[in-house]
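1. Structural data only, the sequence is not supplied:
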């Protein structure tokens, strides 16, 4: 599966929250012995991350992880806030399937716009001087995937296409469309789809908005103990059937 974490609006606090979620998932993968490959990583200026993309390999990985797809909301007294006020932050977690072959999802080349640009490094220095960063737009659905890191342009293009295929397949499943030609524009995991709340103050609680499953030990959840949330979600799917 591909897992992509993106910080919401809200500056340093939001980026720190995205970084906390990234650590939570990496701890979860580590505990289960899953193989993880970093695809892209963009660090926040002061703390946390702007975005991170990983590929995770393990049995039934996508089916297991899709419970995490959606918006994760944090409420806490922000350490980055001079008045130490309670602040709410959001991060978007996308979980996308990895297709075994390109034949699993045919994308018409004429539906794609491919832009290359200089990859920008952390703190303004250039990652490299070639146009290795790539942005692919699927025009009919306005779905955009951008990848920049030290790889070659060809490798970045391959990774971007892999993520784009995963996104379109996920949209196809969500919209119950027979083919990608029937897809409606718009992200399938938009910022409106809030799935889990993590509250640090005035009380401690992690609650899933879909299954209503909750735990009060926020620290252990953020240390990667999310199995019960995943199980509750999978059980709820069985119940729906």
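-> Yes, it's here. Remember, predicted model here, so these are calculated numbers, not experimental data.

2. and the lowest-mean-pLDDT helix or strand in the chain, which residues are buried?
-> None of the helices or strands of the chain scores lower by mean pLDDT, DSSP states H and E than helix 153-175, at a mean of 83. Buried residues in helix 153-175, counted by 16 or more other Cβ atoms under 10 Å: 156-157, 159-172. The way it works is simple: take the backbone N, C-alpha and C, and place the C-beta from them, glycine included.

3. So which residue of this protein lies furthest out from the middle?
-> residue 83 (30.7 Å; Cα atoms, centre = their mean).

4. What pairs with the helix or strand where residue 6 lies, parallel or antiparallel?
-> Using DSSP states H and E, residue 6 sits within strand 2-7. Sheet pairing of strand 2-7 (DSSP bridges) gives strand 49-57 (antiparallel), strand 86-96 (antiparallel).

5. Comparing these, which comes out most buried?
-> strand 86-96 (a mean of 21; mean count of other Cβ atoms under 10 Å).

6. Neighbouring strands of the helix or strand following that strand in the sheet, and parallel or not?
-> Next helix or strand after strand 86-96 toward the C-terminus (DSSP H and E): strand 112-117. Applying DSSP bridges to the sheet, strand 112-117 is found paired with strand 133-138 (antiparallel).

7. what angle separates the partner strand from helix 153-175?
-> Put simply, strand 133-138 runs at 30 degrees to helix 153-175, going by axes from the mean of the first three to the mean of the last three Cα atoms, to 10 degrees.

8. what's the average pLDDT for strand 133-138?
-> Strand 133-138 carries an average pLDDT of 88.

9. for stretch 214-224, same thing?
-> On average, stretch 214-224 scores 98.

10. How about stretch 81-97?
-> Per-residue scores along stretch 81-97 average to 89.

11. Now find how far off-centre that stretch is within its chain.
-> 13 Å (Cα atoms, centre = their mean, to the nearest Å).

12. which other residues reach it?
-> For stretch 81-97, contacts defined as Cβ atoms under 8 Å, 6 or more residues apart in numbering pick out 1-10, 13-14, 16-18, 21, 62, 65-66, 68-78, 163, 166-167, 169-170, 189, 191, 194, 201-202.

13. Just the buried ones from those?
-> Buried among these by 16+ other Cβ under 10 Å: 1-8, 10, 13-14, 16-18, 21, 62, 65-66, 68-76, 78, 163, 166-167, 169-170, 189.
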